[in-house]
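1. sequence and predicted structure are below.
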Amino acid sequence: MTPQELLRLHPFFSGLSSPEIDVLAGYCSARKLAAGQVLFLQDAPGDGLYGVLSGRIAFTLDSQSGRTLILNPLGPGEFFGEIALLDGRGRSAGAMARDAAHLLFIPRDRFLGFVRERPHIMLHIMTVLCGRLRRSTDYIADTAFLNLAGRLAKQLMSMAGRPGSDDSAELRVSQAELAAMLGVSRGRVSRQLAAWQASRILEQRRGRLVIRNRAGLERVVAGAEA
């Protein structure tokens with residue numbers, strides 16, 4: 001994947017012309033990380049936007065009490081750091097390479113100079129951010145109104161994305177990671193996954209889950225209001 005191809009995948013830049021994409025790509029630099037290497041810590045200075053050319057990046061949020069929440073990892077074609085890119089404040093989460101990763105980096109100062117000359121881009125970015133705010137509101141509602149089974153089922157379907165031809169999906173995620181994503185104990189997640197394996201909704205493997213019955217997960221979500 002070239003830098004131009006990656007940039008075209010970001011909603012911020014979806015309306016740019018080819019010459020504009022080329023200009024923006026010229027401002028970018030490449031960064032490589034070994035598996036397990038920390039890219040930045042939570043609250044580190046927000047100096048730019050990252051795109052994933054290869055590998056996966058995991059994110060963590062730390063509370064004042066010492067608890068850690070793990071967010072969905074991002075893979076090739078995905079971006080992170082938009083908040084810090086726009087406001088220049090500290091990173092809202094820490095980031096580290098889950099696998100060896102090759103990243104594209106857009107410095108904040110070069111990005112701001114780019115959009116100052118193209119104000120139509122900022123109007124487009126505002127629309128994209130409003131859509132994300134709506135999704136955040138949905139997440140808060142899920143936490144308030146869905147029981148654990150419903151939240152876990154919805155999380156798995158979100159990670160699986162759109163169904164393929166056979167309606168199955170394999171996810172590289174552990175029970176501990178799922179528990180951290182939902183802010184619950186690993187034991188509760190383990191018991192729920194075991195129940196779904198017994199009913200053949202999914203299959204558990206080492207560090208992986210294979211969804212076998214999406215319709216079953218959808219029914220869980222539909223009846224999950226606590």
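-> Nice, thanks for sending it over.

2. break this protein down into its domains, please.
-> 3-141, 146-222 (automatic domain parsing).

3. kindly reformat the ones you listed as CSV and extend each row with mean neighbour count and mean pLDDT.
-> Just so you know, the C-beta spots here come from the backbone N, C-alpha and C atoms, and that holds for glycine as well. As requested, those are arranged in CSV below (neighbours: other Cβ atoms under 10 Å; pLDDT from 0 to 100):
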stretch, mean neighbour count, mean pLDDT
domain 3-141, 15, 87
domain 146-222, 16, 86
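
4. just the helices in the protein please.
-> Secondary structure of the chain (DSSP state H): helices located at 3-8, 18-26, 82-87, 108-116, 119-145, 148-160, 175-182, 186-198, 214-222.

5. ok, now which ones touch residue 132?
-> Residues near residue 132 by Cβ atoms under 8 Å, 6 or more residues apart in numbering: none.

6. try it again at 10 Å.
-> When contacts are counted by Cβ atoms under 10 Å, 6 or more residues apart in numbering, residue 132 touches 11, 82-83.

7. now swap in residue 77 and tell me
-> Counting by Cβ under 10 Å, 6+ apart, residue 77 touches 1, 5-6, 8-10, 51-54.

8. likewise for residue 107?
-> 27-29, 47-49, 85, 113.

9. was I right to think residue 172 contacts residue 160?
-> No - using Cβ atoms under 10 Å, residue 172 makes no contact with residue 160, being 11.4 Å away.

10. now do the shared contacts for those two.
-> Taking Cβ under 10 Å, 6+ apart as the criterion, residue 172 and residue 160 both touch residue 209.

11. ok so, going back, tell me which of the contacts of residue 107 is nearest to residue 212?
-> Relative to residue 212, the closest of the contacts of residue 107 is residue 49; by Cβ to Cβ it sits at 37.0 Å.

12. looking at the contacts of residue 132, spot the one nearest residue 199.
-> residue 11 (37.3 Å).

13. thinking the closest one is in contact with residue 125, fair?
-> Yes - under the criterion of Cβ under 10 Å, residue 11 makes contact with residue 125 at 8.3 Å.

14. between the two, which contacts overlap?
-> Taking Cβ under 10 Å, 6+ apart as the criterion, residue 11 and residue 125 both touch residue 82.

15. in space, what's closest to residue 106 - neighbours in sequence excluded?
-> Sequence neighbours aside, residue 49 is the residue nearest to residue 106 in space, at 4.5 Å (criterion: Cβ to Cβ, 6 or more residues apart in numbering).

16. show me the contacts for the one you found.
-> Residue 49 makes contacts with 7, 10, 12, 28, 79-86, 104-108, 111, as judged by Cβ under 10 Å, 6+ apart.

17. now do residue 124
-> With contact taken as Cβ under 10 Å, 6+ apart, residue 124 is in contact with 11-16, 115, 118.

18. in strands only, show me those.
-> Using DSSP state E, no member of those falls in strands.

19. okay if I get those residues as CSV plus distance to residue 167?
-> Output for these, formatted as CSV (distance: Cβ to Cβ, whole Å):
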residue, distance to residue 167
11, 27
12, 32
13, 33
14, 29
15, 34
16, 36
115, 42
118, 43
